[in-house]
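Q: From the sequence below, what's the structure:
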Amino acid sequence: MSARLIAIESADDPEIAEFRNIRERDLTGRENRFIAEGTVVLRMLAEASHGDTGFSAEKVLLLKNRVEGVSDILERLPADVPVYVAEAAVLDQIVGFHLHRGVLALGRRSAGSGDLIDRLPVKSLVLVGCGISNHDNAGSMFRNAAAFKADAILLDETSCDPLYRKAMRVSVGSVLSVPYQRSGAALDILTRLAEQDFAIWTLSPRGETDIRAIPPSYRMALVVGTEGEGLPEAVLSRFRSARIPQSEGLDSLNVATATGIALFQMSSAARLI
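A: All right, here's what the predicted structure looks like:
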């Protein structure tokens, strides 16, 4: 292991340029590259690097005193992935703030192989996000999808990038394990799903059907919208709607909470088939 570690003595070292000023780089984007932060996400990235997931690790940057604690994860990374190590003062200068976790990796997502909808299995549960602009919510949606075994997440073009560092962290790395696609208009996505025989259910506090009464189907899609505004009327008026029963006087549940409840119920219904 020691032969693989590369000491970084200066924040200006060109070998770790991709890790500099992380927050500013988060805002400008990395063109299919992303930062994996924390032990759990690094472990997920290491596992993803060995499968046909489309994700791979390029390099790792660690706080010196974290090396031993993640040594088993480093062993799972491909042998050609460099591991850089720095003291706390240097690491903080590199990233631009105090990084108490001390574990970072640079990953890459390769170009997808065709339309994800065409590759969905015969029996499928998918989550569709329309205008999901909050990165915490996006990350929670991926975590919920992984927990309740959704086959994919489809995000419209107005939704935020789930590869954003905070979304990745909140998802506890589930962005790396749940197949997803982010492109196109919401109505186009839903039309494609309808053509593929998906039973499409929009989620709204004013939904016509109690979420517990959704009948089981081989192919089901749950559609959720952004905080506050929810789903646009063009979507709600075209597809069936469901609601989660809740106390009177409460406007709605957070989309992350609502997604978890609804996916649990729909995955339970799917198991009845």
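Q: Dead centre of this structure: give me the residue that sits there.
A: residue 175 (3.0 Å; CA atoms, centre = their mean).
Q: in terms of contact, does that one touch residue 166 like I think?
A: No. Residue 175 is not in contact with residue 166 according to CB atoms under 8 Å; the separation is 11.1 Å. The way it works is simple: take the backbone N, C-alpha and C, and place the C-beta from them, glycine included.
Q: overlap in contacts of the two?
A: Between them, residue 175 and residue 166 have residue 139 as joint contacts when contacts are counted by CB atoms under 8 Å, 6 or more residues apart in numbering.
Q: show me where the stretch 1-150 of the chain has helices.
A: With helices called from DSSP state H, counting those that start in this stretch, the stretch 1-150 of the chain shows them at 22-28, 39-48, 71-76, 88-95, 135-147.
Q: For the first one, the averaged confidence score.
A: By that I understand helix 22-28. On average, the pLDDT along helix 22-28 is 69.
Q: next one: the last one
A: With pLDDT averaged residue by residue, helix 135-147 scores 96.
Q: coming back round to it: for the residue nearest to the centre of the chain, what are its contacts?
A: Contacts of residue 175 by CB under 8 Å, 6+ apart are 139, 142, 162-163, 167-168.
Q: now do 7 Å
A: The contact partners of residue 175, taken as CB atoms under 7 Å, 6 or more residues apart in numbering, are 142, 162-163, 167-168.
Q: and if you look at residue 134?
A: residue 227.
Q: gap between it and residue 254?
A: 9 Å (CB to CB, to the nearest Å).
Q: list the contacts for residue 218?
A: Residue 218 neighbours (CB under 7 Å, 6+ apart): 122-123, 273.
Q: Let me fix that, I meant to ask about residue 11.
A: 90, 93-94 are the contacts of residue 11 under CB under 7 Å, 6+ apart.
Q: can you confirm residue 201 is in a strand?
A: Yes. Applying DSSP: H, G, I helix; E, B strand; the rest coil, one finds residue 201 inside a strand.
Q: how many other residues sit next to it?
A: Neighbour count for residue 201, taken as other CB atoms under 10 Å: 22.
Q: low-scoring stretches of the stretch 151-273 of the chain, by residue?
A: Applying pLDDT under 70 to the stretch 151-273 of the chain flags residues 251.
Q: quick one: the strands in it?
A: 152-155, 180-182, 199-203, 209-210, 219-225, 240-243 (DSSP state E, counting those that start in this stretch).
Q: and the third one with strand 219-225, angle?
A: Angle between the axes of strand 199-203 and strand 219-225 is 20 degrees (criterion: axes from the mean of the first three to the mean of the last three CA atoms, to 10 degrees).
Q: Which strands or helices does strand 199-203 pack on?
A: Strand 199-203 sits against helix 186-195, strand 219-225, strand 240-243, with contacts defined as 3 or more CB pairs under 7 Å, 6 or more residues apart in numbering; DSSP states H and E.
Q: burial count for residue 4?
A: 14.
Q: And residue 250, by the same measure?
A: Using other CB under 10 Å, residue 250 has 8 neighbouring residues.
Q: Can you find which strand in this protein contains the most residues?
A: Longest strand of the chain, by residue count under DSSP state E: strand 55-63.
Q: what comes up buried for the top helix by length along the chain?
A: In the chain, taking DSSP state H as the definition, the longest helix is helix 255-270. Neighbour-count burial for helix 255-270, counted by 16 or more other CB atoms under 10 Å, picks out 255-256, 258-263, 265-267, 269-270.
Q: And for stretch 150-159?
A: Under 16+ other CB under 10 Å, the buried positions of stretch 150-159 are 150-156, 159.
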